[in-house]
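Peer 1: Okay, sequence plus prediction incoming.
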Amino acid sequence: MPEQHDQTTTVDSRPGRPELARRCRGVTEARWFALTVLAVILLNAALLGLETYPGLVEEWHRWLRLAERGCLAVFTVEILVRLGAHADRPRGFFKDPWNLFDLAVVLCAFLPLVRENTTVLRLLRLARVLRTARFLPQLRIVLVAVGRSLPGTLSFLLVGALLLYVYAMVGWVFFGRQDPEHYGSIGRAVLTLFLLMILDGIGDAIHAGLEISRWSLLYYASYVLLASFVLVNVLVGVVITSLEEAREMEGTRETAQETPPAPCCTEDRRLLLERLTAARRALDDLERDLTRTPPPLAGRTAAGDGPGDVQVRRGRGGPAPGRGPVSGPPLSGGTGRQLPLRPGESAC
């Protein structure tokens, strides 16, 4: 009982955290909250665009500064509310990448080094525009897909750079003297082939190559086939695969948000598991004590035997009158009480 009292005291000592998390979670999951934050983000982007007009800044400088500070105050309150929604499980806040991004953007605005540097402050305010992806699921899916496609894109760039270098060297060898404007060096050859990759000026390049050699047609045809069709299709496939993975991740995220874990039930379950563990330990100790204790002697006789009952006697007493000695173990239930025998049954 003292252990149970201590556990109850431990649970009741923090009654405010689950209640605070429940109330803040109700605010963050409300539609008006998301729409308000989205409107403030768009307002911040509009203010950033208005600051590009020098005359407007000189005339409305005070009001623009006041509006920018108001946006920062709203973003700060938003982060505090989101932190309060994870008061019962603080680690869950840092598991969401968008929470980390929002926290970094807001905290950097309060750093003295950032506030004194106008260029860095404007870039930081520009980064707030990216927060619109948090409230627009489709835009968030696209951004996640772009991020997940980066490893495949790097492989694509490596293969493309290798292909450009090989064809640039071949072009410099065959067309460097006749066409120095496009193939006079490796740099010019790479630039020419890069423009041909997007089919810019492919007709003029083929006509100029045919004046030098007929084999130039095979050179340009193979390059356009590999660079403009094969590699581009590979890149499109990588992006589409990443987009499907991002949609699956978004679906899993929405499912997890629809069924949040109940903190009270989790705490009660933890206490119940602790009590079950303590009960199991107590049963193990009791079983160990019973194993060490010797069994009682079954030598006592029970009074009030009915007709036809046979008492098995051990110790000082002999066999029952009129009957022979009975051999074998005593018929008892392990508690010293004798078990009667029916007529016609033997003690063996």
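Peer 2: Done, it's in. Residues are numbered from 1 along each chain as shown.

Peer 1: Please count neighbours and contacts with C-alpha atoms only from this point.
Peer 2: Will do.

Peer 1: So which residues make contact with the one helix or strand Arg62 maps to?
Peer 2: Assigned by DSSP states H and E, Arg62 belongs to helix 61-85. The contact list for helix 61-85 (Cα atoms under 8 Å, 6 or more residues apart in numbering) reads 20-25, 27-28, 37, 40-41, 44, 47, 57, 90, 93, 102-103, 106.

Peer 1: again, only this time at 7 Å
Peer 2: 20-22, 24-25, 28, 40, 44, 93, 103, 106 (Cα atoms under 7 Å, 6 or more residues apart in numbering).

Peer 1: Let me know the pLDDT of the most centrally placed residue in the chain.
Peer 2: Nearest to the geometric centre of the chain sits Lys95, at 6.0 Å (Cα atoms, centre = their mean). Listed pLDDT for Lys95 reads 84.

Peer 1: any chance you could map the helices in the stretch 51-200 of the chain?
Peer 2: Secondary structure of the stretch 51-200 of the chain (DSSP state H, counting those that start in this stretch): helices at 54-59, 61-85, 91-95, 97-108, 112-116, 118-127, 132-135, 137-148, 150-175, 180-183, 186-197.

Peer 1: Below-threshold pLDDT in the stretch 151-300 of the chain: ranges please.
Peer 2: 253-267, 294-300 (pLDDT under 70).

Peer 1: centre of the chain versus the helix or strand hosting Glu250, how much separation?
Peer 2: Element membership for Glu250 (DSSP H and E) is helix 231-258. Centre-to-centre, helix 231-258 and its host chain are 15 Å apart (Cα atoms, centre = their mean, to the nearest Å).

Peer 1: could you point out the longest helix in the protein?
Peer 2: Secondary structure of the chain per DSSP state H: the longest helix is helix 263-292.

Peer 1: Might you calculate how far that helix sits from the centre of the chain?
Peer 2: Centre-to-centre, helix 263-292 and its host chain are 33 Å apart (Cα atoms, centre = their mean).

Peer 1: Could you do stretch 200-207 as well?
Peer 2: That offset, for stretch 200-207, works out to 51 Å (Cα atoms, centre = their mean).

Peer 1: Using CSV, write out every CA atom in stretch 69-80.
Peer 2: Extracted C-alpha coordinates of stretch 69-80, given in CSV (Å, rounded to 0.1, in the frame of the first residue of the first chain):
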residue,chain,number,x,y,z
ARG,A,69,7.4,43.0,-35.6
GLY,A,70,3.8,42.1,-35.4
CYS,A,71,4.4,39.1,-37.7
LEU,A,72,7.4,38.1,-35.6
ALA,A,73,5.2,38.2,-32.5
VAL,A,74,2.5,36.0,-34.1
PHE,A,75,5.2,33.5,-35.2
THR,A,76,6.6,33.4,-31.7
VAL,A,77,3.2,32.8,-30.1
GLU,A,78,2.6,30.0,-32.6
ILE,A,79,5.8,28.3,-31.7
LEU,A,80,5.0,28.6,-28.0
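
Peer 1: Could you give me the buried positions within that stretch?
Peer 2: Applying a neighbour-count criterion of 16 or more other Cα atoms under 10 Å, the buried positions in stretch 69-80 are 71-72, 75-76, 78-79.

Peer 1: could those be laid out in TSV, adding distance to Glu287?
Peer 2: Output for those, formatted as TSV (distance: Cα to Cα, whole Å):
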residue	distance to Glu287
Cys71	68
Leu72	66
Phe75	62
Thr76	60
Glu78	58
Ile79	55
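
Peer 1: Might you report the residue contacts of Thr153?
Peer 2: Leu235.

Peer 1: do you know how far it is from Leu210?
Peer 2: 35 Å (Cα to Cα, to the nearest Å).

Peer 1: how close does Gln178 get to Leu123?
Peer 2: Gln178 is 48 Å from Leu123, where distance means Cα to Cα.

Peer 1: Among these two, which residue is more densely surrounded?
Peer 2: Gln178 (15 against 11; other Cα atoms under 10 Å).

Peer 1: Excluding chain neighbours, give the residue nearest to the more buried one in space.
Peer 2: The shortest distance from Gln178 to any non-neighbouring residue, by Cα to Cα, 6 or more residues apart in numbering, is to Ile212 (7.1 Å).

Peer 1: Got the phi and psi for the one you found?
Peer 2: phi -90, psi -50 (degrees, to the nearest 10).

Peer 1: Give me the neighbour count for it.
Peer 2: Number of residues near Ile212 (other Cα under 10 Å) recorded here: 13.

Peer 1: start at 40 instead
Peer 2: Yep, numbering from 40; the last one is Ile251 now.

Peer 1: How far does stretch 255-268 sit from its chain's centre?
Peer 2: With Cα atoms, centre = their mean, you get 45 Å for stretch 255-268.

Peer 1: Could you pull out the buried residues of it?
Peer 2: Of the residues in stretch 255-268, 255, 259, 262-263, 266 count as buried by neighbour count, 16+ other Cα under 10 Å.

Peer 1: check contacts around Ala200.
Peer 2: For Ala200, no contacting residues are found, by Cα under 7 Å, 6+ apart.

Peer 1: Distance of it relative to Ala207?
Peer 2: The value you get for Ala200 to Ala207, if Cα to Cα is used, is 10 Å.

Peer 1: Kind regards, and thank you for your time.
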